[in-house]
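>>> Any chance you could fold what I've pasted below:
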Amino acid sequence: MLLSTPVISKPRRAAVARYRLDAWLFLFLMLLVFVPVHAEAKAKSPRPPRPEPDLKILEFKISPTPYSATSGPLEFSVLVQLPKDLDGATLLEVSSLVTSPSKTSIRFLSTRKSLDAHEIPASTTDLPRLPIVLSWDGMDHKKAPAGAGLYHYEMRAKLLANGEKGPRTLMVSWPKRGTIEVK
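Okay, the predicted model is just below:
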């Protein structure tokens with residue numbers, strides 16, 4: 001038995017060729033649409049750096065270092081510089097997030113201080129400064145002792161004003177970040 005190749009008529013051959021050409025043309029057009037041309041892409045315009053807020057953490061000390069969870073609390077001592085104009089702020093909040101590298105041990109420390117006019121040192125040349133101390137008892141969020149290792153911290157200061165739904169943030173200082181060795 002002889003095998004023969006099927007004979008395709010000329011009109012059918014032309015239709016197959018036209019289909020292949022249409023498929024290639026479609027793919028080419030899709031590439032033009034979805035692959036951005038380098039010349040048409042917008043470059044990001046450089047932005048000037050953000051100005052530092054008037055609320056600043058001037059001094060920051062941790063004691064004792066290195067820290068052992070059995071030796072008592074770890075203290076974060078902060079000196080916060082307030083802006084000249086409090087703009088209705090009634091509270092100063094200083095907070096720190098202490099985390100292990102694996103994020104399995106986390107502790108959030110926070111304190112709020114009322115900004116009464118008679119408590120803020122008044123000086124004509126210097127901006128008001130307030131000392132704040134946060135204490136960490138060496139326990140994590142589950143009240144279990146923190147394991148040995150390097151812990152990361154991030155300290156921030158915020159100015160808050162009383163709003164309709166509770167305190168609202170007016171200004172946030174730039175964070176201070178670092179590591180603590182826990183033995």
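>>> neighbours around A146, how many?
22 (other C-beta atoms under 10 Å). (Glycine included, C-beta is placed from N, CA and C.)
>>> hang on, it packs against S105?
Yes. At 5.5 Å, A146 counts as touching S105 under the criterion of C-beta atoms under 8 Å.
>>> State whether D22 is indeed within a helix.
Yes. D22 forms part of a helix when assessed by DSSP: H, G, I helix; E, B strand; the rest coil.
>>> ok, now how distant is the residue lying closest to S105 once chain neighbours are set aside from K183?
Taking C-beta to C-beta, 6 or more residues apart in numbering as the measure, S105 lies nearest to D140, with 4.0 Å between them; neighbours along the chain are not counted. Separation of D140 from K183 (C-beta to C-beta, to the nearest Å): 16 Å.
>>> Now tell me which helix or strand of this structure has the poorest mean pLDDT.
Least confident helix or strand, the chain: helix 10-34 with a mean of 78, by mean pLDDT, DSSP states H and E.
>>> which other helices and strands contact that helix?
Identification of packing neighbours for helix 10-34 by 3 or more C-beta pairs under 8 Å, 6 or more residues apart in numbering; DSSP states H and E yields no helix or strand.
>>> Check the offset of that helix from the chain's centre.
50 Å (C-alpha atoms, centre = their mean, to the nearest Å).
>>> how about the helix or strand following it: buried residues?
For helix 10-34, the succeeding helix or strand toward the C-terminus, using DSSP states H and E, is strand 56-63. Going by neighbour count (16 or more other C-beta atoms under 10 Å), the buried part of strand 56-63 is K56, I57, I62.
>>> Now render those residues as JSON lines, adding distance to P73.
Converted to JSON lines, the buried residues of strand 56-63 look like this (distance: C-beta to C-beta, whole Å):
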{"residue": "K56", "distance to P73": "25"}
{"residue": "I57", "distance to P73": "20"}
{"residue": "I62", "distance to P73": "11"}
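>>> tell me which of those residues is nearest to P83?
K56 (8.8 Å; C-beta to C-beta).
>>> Give the full set of residues in contact with M30.
Remark: with contacts taken as C-beta atoms under 8 Å, 6 or more residues apart in numbering, M30 is in contact with nothing.
>>> er, L58 I mean
Per C-beta under 8 Å, 6+ apart, neighbours of L58: L79, V80, Q81, R129.
>>> cool, and M155?
Applying C-beta under 8 Å, 6+ apart, the residues near M155 are I57, F60, F76, V78, V94, S95, S96, L134, P175, K176, R177.
>>> Among those, name the least confidently predicted one.
Comparing pLDDT over those, the lowest score belongs to F60 (90).
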